[in-house]
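In: Take this sequence and fold it.
(one chain, ligands or ions: 2)
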Amino acid sequence: MVSKSYIYAFEEGDGKNKMLLGGKGANLCEMTQIGLNVPPGFTITTEACLAYLAKGDSPPGLWDQVTTHIKALEKKTGKGFGSAKNPLLVSVRSGSAMSMPGMMDTILNLGLNQTSLKGLIAQTGNARFAWDAYRRFIQLFGKVALGVDDEHFDKRMVEIKNKTGASQDVDLTAKALEQLSKDYLEIVKEHTGEEFPQEPMEQLKFAVEAVFRSWNGKRAVDYRKQFRITKDMANGTAVNVCTMVFGNMGNDSATGVGFTRNPGTGEDAIYGEYLVNAQGEDVVAGIRTPVPIANMAKEIPVMYKELVALRDKLESHYKEVQDFEFTIEKGRLYCLQTRNGKMNALAMVRTSVEMVKDEIISKKQAVKRIDPSMLEQLLVPQLAPNFNGASLAQGLPASPGAASGHIVFDADTAEARGRAGEKIILVREETKPDDIHGFFQAQGILTSRGGKTSHAAVVARGMGKPCVSGCEAIVIDDQGKKASVGGSTLHEGDVITIDGGSGKVYSGEAPTVEPEFSKDLATLLSWADTFARMEVRANADTPSDAARAREFGARGIGLCRTERMFNSTDRLPIVQEMILAKNIEERQAALDRLLPIQRSDFKGIFKAMKGLPVTVRLLDPPMHEFLPSAGQLELEISHLRHLRETIGALEELPETLKLLNPALHRKYADGLTSLTRALDMFKENHLEEDAIHKKQETLRKVRQLAEINPMLGHRGVRLGITFPEIYSMQIQAVLEAAALCAQEGLEVLPEIMVPQVATVEELKRIHATARRIHKLVKLKHGIDVGFKFGSMLEVVRACMRAGRMAETAEFFSFGTNDLTQATFSFSREDAENKFLPDYNETGILQDNPFEVLDETGVGDVMKIAVERGRATNKELKIGICGEHGGHPSSIAYCHRLGLTYVSCSGPRVPIARLAAAQAQLQEEK
Ligand code: PEP
Ligand code: MG
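Out: Numbers count the residues shown, from 1 in each chain. Ligands and ions are numbered 1, 2, ... in the order given. Purely as a prediction, here's the structure:
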């Protein structure tokens with residue numbers, strides 16, 4: 001009977017069968033078979049390992065097969081196992097189907113003994129190297145195969161260093177290393193009771209079985225548990241026995257590592273380092289500094305040519321940039337290892353485009369090979385890669401990019417100082433819409449409260465500005481204009497740096513690198529667009545955001561949050577008048593002033609997006625968000641009262657002074673008279689009283705509008721129903737702006753979207769208003785600009801009733817920020833810095849559902865809505881405009897759901913374009 005084959009020479013093994021040969025073994029076989037010069041060797045299969053582990057002994061026939069393969073190896077290399085002249089030395093390495101770096105054992109230079117050592121000295125002409133290799137082998141073998149603790153060897157090493165006055169290992173002479181090797185052999189004998197095995201085949205048996213056992217070693221078992229490596233992913237380890245080659249056999253030998261292209265820039269040139277007449281350990285030990293591979297063209301041109309040929313073969317076979325290791329032994333180039341090279345975003349993009357031009361990969365492969373989220377590096381400023389300063393505090397990474405600036409604790413100061421040309425970081429407990437003018441002037445935003453869908457986070461992302469939110473370690477005292485973190489205090493004007501990609505906050509100015517939307521990226525994304533089925537739109541609220549989003553490739557606006565337009569300093573007072581209005585007439589008067597402002601904003605946006613759809617969402621947030629907080633008003637009123645008391649005291653001053661010090665009174669008589677006159681005037685005009693009165697009025701209204709749970713309160717369409725004049729004004733502004741643009745010959749595609757809808761009755765009423773206003777606008781402007789009418793789906797009930805909703809709505813857009821909040825009953829403002837980190841750490845939830853769409857819960861609610869909506873109207877356009885619309889795996893889910901488009905903040909548009917294309921290509925697979 002022919003016994004089972006447990007071993008494959010590198011020429012025979014199936015390079016695709018990683019389960020049987022392990023990743024490393026399969027790779028060595030594949031490299032050998034495509035004609036790369038790999039040192040000869042063979043792989044013992046994972047089946048042999050499993051058989052050994054099951055019985056505690058090698059399966060029958062295994063050692064006969066090993067002997068046969070060693071003989072073949074001797075023949076191939078012309079070397080002899082244990083030879084005194086030309087010894088064959090091998091490495092014995094583990095390697096399972098999944099990479100588990102450093103978790104299992106490796107032994108180098110196996111085959112060394114008293115005889116072959118002489119051969120190695122003769123071969124290399126370097127006694128020091130040979131003895132060093134020997135003492136390393138004894139220790140490694142002693143530890144791995146024979147179980148002798150490292151500490152015994154280490155102790156002896158220290159003793160010998162002390163004795164010879166060597167401060168480092170590399171200072172030890174050949175003689176000292178010879179002595180050390182002999183001592184190490186003694187140590188092994190002492191601890192195992194046996195002589196160190198001299199016979200190479202015996203060494204090999206010990207080593208292979210030790211590697212088998214290391215599969216069940218604690219390190220490896222823990223690693224598999226941690227990274228959830230199951231039996232169907234990797235079962236047992238293979239063992240690779242590979243001929244050792246040496247780069248230190250003279251000036252025609254060398255060792256090095258290389259990338260087939262530059263991993264930092266993507267440049268099409270071999271990148272890496274090498275050393276002539278050296279071994280890898282020389283580099284690790286810092287004995288010699290390797291030189292750039294480019295030098296090789298001059299130093300050893302023949303070898304360089306071979307290296308270029310190797311590089312071409314690697315790339316044309318693997319169709320990916322490779323990170324490889326090589327050794328040149330006596331003028332022969334060996335490739336020891338290769339794997340896909342890790343690169344930064346710049347290099348990934350450039351190599352994608354250039355490898356298509358070089359016909360190495362197709363456009364589809366180019367689009368598929370880049371992780372979309374990597375593109376973020378190219379779209380916002382980043383901390384310099386070599387920066388490694390200690391952070392002050394850690395918050396949530398809410399909007400990517402790094403920024404430095406002077407701390408400012410309120411939006412007005414941020415606006416003033418920013419306008420004066422200073423770099424500003426706006427630091428707030430949390431932000432509100434009336435802080436928006438501060439955002440415009442700030443380089444970045446830092447908040448101590450709120451999550452990744454908080455106001456600060458969403459607005460900053462829309463503007464492409466860095467934001468760290470929910471940084472609870474920072475305690476802010478905005479009245480005192482200071483903040484404390486740990487033991488230190490930050491004052492207004494102090495410089496800090498925030499990194500919105502990691503959530504870290506640093507003291508002082510950290511170096512940053514600027515983003516670059518390169519030609520290569522534009523090319524790559526244009527290919528992506530040809531593959532994607534879903535369109536990508538942007539969430540943009542201003543003409544300039546819209547213009548930028550278009551530059552990033554947005555195919556329209558999926559969400560224009562109109563309330564953002566109310567927040568600049570000249571508009572907020574009018575909005576406040578509207579809110580504080582005592583009756584409908586007063587409110588209408590304020591709305592009449594807002595109408596032309598909104599109309600002109602919409603015109604700007606329509607112009608920036610000409611020819612593309614623009615979805616305008618009617619007012620959404622609760623009214624009180626536009627007013628100052630009750631606390632702030634109370635403080636201001638109390639300041640004004642103090643002012644009144646101070647004025648009273650000042651009135652008494654002339655008389656008091658006259659009594660106490662007539663001479664002084666005479667001296668300042670003129671000044672005192674003008675002071676009294678000024679105070680009289682102040683009083684007559686009731687300035688402070690008026691101010692107090694006004695603020696008290698506002699306070700009353702603020703208290704009246706206050707809600708226990710404003711996110712579930714009087715907001716969205718509920719406002720539009722109770723104050724119809726607000727939505728009427730907004731709809732009029734949209735449709736008039738569209739009419740005016742159309743009159744100028746621009747193609748405009750307005751879409752009016754209603755937020756927070758729960759029942760179709762709400763939608764119907766707003767729809768009736770929209771149709772009525774549309775008629776009026778048509779009459780007034782003499783032009784009929786059509787519009788689409790749709791609903792946000794962000795309330796669970798609306799999703800359940802999507803069939804009915806689709807009778808009125810021409811499109812849906814999932815507001816997954818609110819829908820996630822509603823489905824989980826997790827507050828989007830608080831969850832992320834209260835309990836969610838714990839939930840993620842303990843595995844209750846895998847991801848943050850406000851960042852990564854929860855496919856099984858929220859996603860299922862969406863699925864029901866899509867099915868029911870399309871059952872009513874199979875052409876129904878459905879998009880998503882929550883933050884998930886810019887997240888790659890969530891985009892893939894939206895693709896699978898059959899959505900028409902995703903909409904995300906402008907700077908994320910390129911990421912979404914790539915992710916949308918990948919989702920389609922994934923489906924084709
Ligand atoms: C949403 O809820 O997903 C949404 C886009 O609206 P907002 O974030 O403005 O509530
Ligand atoms: Mg919402």
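In: Quick check: what element follows the worst-scoring helix or strand of the chain on mean pLDDT along the chain?
Out: Least confident helix or strand of the chain, by mean pLDDT, DSSP states H and E, is helix 280-284 with a mean of 65. Next along the chain after helix 280-284, taking DSSP states H and E as the criterion, comes strand 291-292.
In: average pLDDT across that following strand?
Out: Here strand 291-292 scores 88 as its mean pLDDT.
In: ditto for stretch 568-587
Out: Mean predicted lDDT for stretch 568-587 stands at 89.
In: what about it, distance to the chain center?
Out: Relative to the centre of its chain, stretch 568-587 is centred 41 Å away, using Cα atoms, centre = their mean, to the nearest Å.
In: and what of stretch 298-311?
Out: On Cα atoms, centre = their mean, the centre of stretch 298-311 falls 38 Å from the chain's centre.
In: Identify each buried residue in that stretch, please.
Out: For stretch 298-311, the neighbour count (16 or more other Cβ atoms under 10 Å) marks 300, 303-304, 306-307, 310-311 as buried. (C-beta placed from N, C-alpha, C; glycine too.)
In: now stretch 846-862
Out: Residues 847-855, 858-859, 861-862 are the ones in stretch 846-862 that count as buried (16+ other Cβ under 10 Å).
In: Would you mind measuring the gap between the ends of it?
Out: Start and end residues of stretch 846-862 are separated by 20 Å (Cα to Cα, to the nearest Å).
In: So for that stretch, mean pLDDT?
Out: Stretch 846-862 comes out at a mean pLDDT of 96.
In: State whether residue 733 and residue 592 are indeed in contact, as I suppose.
Out: No. Assessed by Cβ atoms under 8 Å, residue 733 is found out of contact with residue 592, at 11.2 Å.
In: of these two, who's got more company?
Out: Under the criterion of other Cβ atoms under 10 Å, the comparison of residue 733 against residue 592 puts residue 733 first, with 25 against 13.
In: Quick check: beta-bridge partners of the closest residue to residue 8 other than its chain neighbours?
Out: Distance criterion Cβ to Cβ, 6 or more residues apart in numbering; nearest residue to residue 8, sequence neighbours excluded, is residue 43 at 5.4 Å. Counting by DSSP bridges, residue 43 forms beta bridges with residue 8, residue 240.
In: Buried residues, stretch 836-846. List them.
Out: Going by neighbour count (16+ other Cβ under 10 Å), the buried part of stretch 836-846 is 836, 839, 845.
In: Cross-reference these with the strands and report the matches.
Out: Members of the buried residues of stretch 836-846 lying in strands (criterion: DSSP state E): none.
In: In helices, which of those fall?
Out: Among the buried residues of stretch 836-846, DSSP state H puts 836, 839 in helices.
In: could you dump the buried residues of stretch 836-846 to CSV with distance to residue 412?
Out: Below are those laid out as CSV (distance: Cβ to Cβ, whole Å):
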residue, distance to residue 412
836, 33
839, 38
845, 40
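In: wait, which of the buried residues of stretch 836-846 is closest to ligand 1?
Out: residue 836 (17.2 Å; Cβ to the nearest ligand atom).
In: what's the distance between that closest one and residue 859?
Out: According to Cβ to Cβ, to the nearest Å, residue 836 stands 18 Å off from residue 859.
In: on contacts alone, who are the packing partners of the longest helix along the chain?
Out: Secondary structure of the chain per DSSP H: the longest helix is helix 630-660. Packing contacts for helix 630-660, counted by 3 or more Cβ pairs under 8 Å, 6 or more residues apart in numbering; DSSP states H and E, involve helix 662-667, helix 669-684, helix 687-705.
In: ranking those by mean pLDDT, which is last?
Out: Lowest mean pLDDT of those: helix 669-684, a mean of 83.
In: Just the buried positions in that one, please.
Out: Buried residues in helix 669-684 (16+ other Cβ under 10 Å): residue 672.
In: which residues sit against that helix?
Out: Here helix 669-684 makes contact (Cβ atoms under 8 Å, 6 or more residues apart in numbering) with 647, 650-651, 653-654, 657, 665, 688.
In: switch to 7 Å and redo it
Out: 647, 650-651, 653-654 (Cβ atoms under 7 Å, 6 or more residues apart in numbering).
In: Any stretches of this protein with poor pLDDT?
Out: By pLDDT under 70, the low-scoring segments of the chain are 1-2, 281-288.
In: Tell me the residues of it that contact ligand 1?
Out: Those residues of the chain that sit near ligand 1, judged by Cβ under 6 Å from any ligand atom, are 453, 458, 559, 561, 620, 794, 815-818, 881-882.
In: Please identify the one among those residues that lies nearest to residue 188.
Out: Comparing those against residue 188 with Cβ to Cβ places residue 453 closest, at 62.4 Å.
In: Hmm, that closest one is touching residue 850, no?
Out: Yes. The pair residue 453 and residue 850 passes the contact test of Cβ atoms under 7 Å, sitting 5.1 Å apart.
In: Identify the contacts common to the two.
Out: 817, 828, 883.
In: from the residues you listed, which would you call buried?
Out: Buried members of the shared contacts of residue 453 and residue 850, counted by 16+ other Cβ under 10 Å: 817, 828, 883.
In: and those residues, which of them are in helices?
Out: residue 817.
In: Output the buried ones among the shared contacts of residue 453 and residue 850 as a markdown table; include the columns distance to ligand 2.
Out: Below are those laid out as a markdown table (distance: Cβ to the ion, whole Å):
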| residue | distance to ligand 2 |
| --- | --- |
| 817 | 5 |
| 828 | 9 |
| 883 | 10 |
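In: What segments of the stretch 101-250 of the chain are strands?
Out: Counting by DSSP state E, counting those that start in this stretch, the stretch 101-250 of the chain has strands at residues 106-110, 238-243.
In: Having no further points to raise, I will conclude here.
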